[in-house]
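Colleague: sequence and predicted model, in that order:
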Amino acid sequence: QEGIFHTYMRQRRARFRWWWLSMMAKSRLILVARRKFCTQRQLLVIDKVRRLSYVRIRKLDLRKQYLTSNELAVISSIVTKSMGITHLDLSRNALGPNASRHIASILRSCPSITSLDISWCDLGDKGVSSLCESLLGMEGSGWGGGERKDEINIRTIKLIGNRLSDVGALSLITLAKKFKDLCRIEIEELRLLRRPKIGAIVYVRHQRHSGHESGVDGSRWEDGKVVSFDESKGILVETTEGATKRRVWAQEVSIRYNYVSARLMRKLVKALRINVAATNERQQQQEEGIYDDEGKIDRKQYSMRPTPISKAEENRTDEEDSLRFIA
C-alpha cells in the first residue's frame with residue numbers, strides 16, 4: 001500500500017509540474033501577443049496623428065490607445081498649431097508622471113486647445129505638479145501676466161482617477177489663480193452608491209450647512225468613512241473633516257477616486273468661480289467693443305464707453321427734472 005501511495009503521489013507531482021510548465025508557456029505567449037498588439041496599436045496611432053497633421057480637426061481622440069510617455073513624446077513633436085485642435089482626449093492611457101512635460105509641449109505647440117482630458121492616466125501628484133510647473137514656467141501665460149492674449153487658452157482640465165492628494169490640489173489652485181481662462185477642473189467623478197463597503201472613503205452630502213461654501217440648494221459635500229449600513233435608515237458615515245468627528249445618516253454617498261481634502265476642494269472651486277466671473281465680464285466687454293481681436297484694450301472704445309451713473313446721481317437727476325417741470 002505504501003508503494004502504491006508513493007507511486008500515486010509521484011505521478012500527481014509530475015502532472016502538476018507539466019501543468020505548471022504549460023501555464024507558464026501560455027502566459028508567456030499571452031504576454032508576447034499582448035506586447036505585440038500594443039506595439040502595433042501605438043504605431044497605428046502615431047501614423048494616424050501624422051496623417052491628421054495635414055488637416056484641420058476639432059477633436060483629437062486618443063482615448064484608450066495603450067499609449068505611454070514615449071509615444072506621447074513622438075505625438076508632441078507631430079502636433080502643430082495649424083491642426084486647430086480644440087479638444088484633446090488622452091484618457092485611459094498608462095502615461096505616468098513623466099508624460100506631463102510632453103502634455104505641456106502639446107499645449108504650447110497647439111494653443112487652440114481649450115479642453116484637455118487626462119483622466120485615468122496614472123499621473124499622481126508628481127505628474128500634476130510637474131504639469132502645472134511647466135505651464136506656469138511658459139512665458140506669456142495667463143491674462144494677469146501681460147496685456148497681450150495668452151499663448152495657452154486651456155479652459156477645462158479633467159483629472160479623474162489620477163490618485164491626487166492635497167499636494168496636487170495646491171498646484172492646481174496656483175494654476176487656476178494664474179490662468180484666468182481656466183474655468184473648470186474636474187477631479188472627482190461623483191458616482192452615487194447605495195451599498196458601499198464598510199470602511200470606504202466616500203463623499204457624503206447633507207443639508208446642515210449654508211453660505212458661500214455650500215451648493216445652490218444649501219447642501220455641502222464632506223469627506224467621510226462608511227461605518228455601517230442599515231436597510232431602513234441608510235448609510236452611517238463618520239465625517240473626517242475638522243477636529244470634531246460626527247456621524248450622519250445618508251441615503252446615497254459618492255465614491256472617491258482621489259484623496260483631496262474638502263477644504264482644498266472648496267478653495268479650488270472658489271478660484272475657479274473667480275475665473276468664471278472674470279471670463280464673463282471680459283466676454284461682455286468684448287461684445288461692447290472694449291477689447292480688440294488680439295485681446296488688448298481698445299483705448300478709443302474704452303474712452304467712448306458710457307460712464308455708469310450711481311444711484312445718488314440718478315436720484316438727484318430725477319429731482320432736478322421734477323423741479324424743472326414744476327417751474
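Modeller: That came through fine.

Colleague: give me the pLDDT for Arg34.
Modeller: On pLDDT, Arg34 comes in at 82.

Colleague: where do the helices sit along the stretch 101-250 of the chain?
Modeller: For the stretch 101-250 of the chain, helices defined by DSSP state H, counting those that start in this stretch occupy the ranges 124-136, 166-178.

Colleague: can you lay out those helices as CSV showing mean pLDDT, mean neighbour count and distance to Ser100?
Modeller: Placement of C-beta: from N, CA and C, glycine included. What follows is the helices of the stretch 101-250 of the chain, written out as CSV (pLDDT from 0 to 100; neighbours: other C-beta atoms under 10 Å; distance: least, C-beta to C-beta, whole Å):
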stretch, mean pLDDT, mean neighbour count, distance to Ser100
helix 124-136, 93, 20, 4
helix 166-178, 93, 20, 11
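
Colleague: including distance to Ile157, could the ones you listed go into JSON lines?
Modeller: Converted to JSON lines, the helices of the stretch 101-250 of the chain look like this (distance: least, C-beta to C-beta, whole Å):
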{"stretch": "helix 124-136", "distance to Ile157": "9"}
{"stretch": "helix 166-178", "distance to Ile157": "8"}
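
Colleague: for the helix or strand Ala33 falls within, packing partners?
Modeller: According to DSSP states H and E, Ala33 maps onto helix 2-52. Under the contact criterion of 3 or more C-beta pairs under 8 Å, 6 or more residues apart in numbering; DSSP states H and E, the helices and strands touching helix 2-52 comprise helix 69-78.

Colleague: pLDDT on the helix or strand that the helix it packs on is followed by, on average?
Modeller: Using DSSP H and E, the next helix or strand after helix 69-78 towards the C-terminus is strand 87-89. The average pLDDT for strand 87-89 rounds to 94.

Colleague: now strand 87-89, how far from the centre of its chain.
Modeller: Using C-alpha atoms, centre = their mean, to the nearest Å, the mean C-alpha position of strand 87-89 is found 12 Å from that of the whole chain.

Colleague: could you do stretch 21-38 as well?
Modeller: Here stretch 21-38 is found 35 Å from its chain centre; the criterion is C-alpha atoms, centre = their mean.

Colleague: now stretch 37-46
Modeller: 26 Å.

Colleague: now stretch 180-198
Modeller: Worked out by C-alpha atoms, centre = their mean, stretch 180-198 lies 10 Å from the chain centre.

Colleague: now Asp117: how far from Lys48?
Modeller: Separation of Asp117 from Lys48 (C-beta to C-beta, to the nearest Å): 18 Å.

Colleague: could you do Ser91 as well?
Modeller: For Ser91, the distance to Lys48 (C-beta to C-beta) stands at 17 Å.

Colleague: what do you get for Gln283?
Modeller: 35 Å.

Colleague: so if I had to pick from the two, which one is more boxed in?
Modeller: Applying other C-beta atoms under 10 Å to Gln283 and Lys48 shows that Lys48 carries more neighbours, namely 14 against 11.

Colleague: low-confidence ranges, the stretch 151-300 of the chain, go.
Modeller: Residue ranges of the stretch 151-300 of the chain with pLDDT under 70: 190-194, 205-221, 240-243, 287-300.

Colleague: give me that answer again for 80
Modeller: Counting by pLDDT under 80, the stretch 151-300 of the chain contains low-confidence ranges at 151, 188-197, 200-223, 231, 239-246, 251-258, 262, 282, 284-300.
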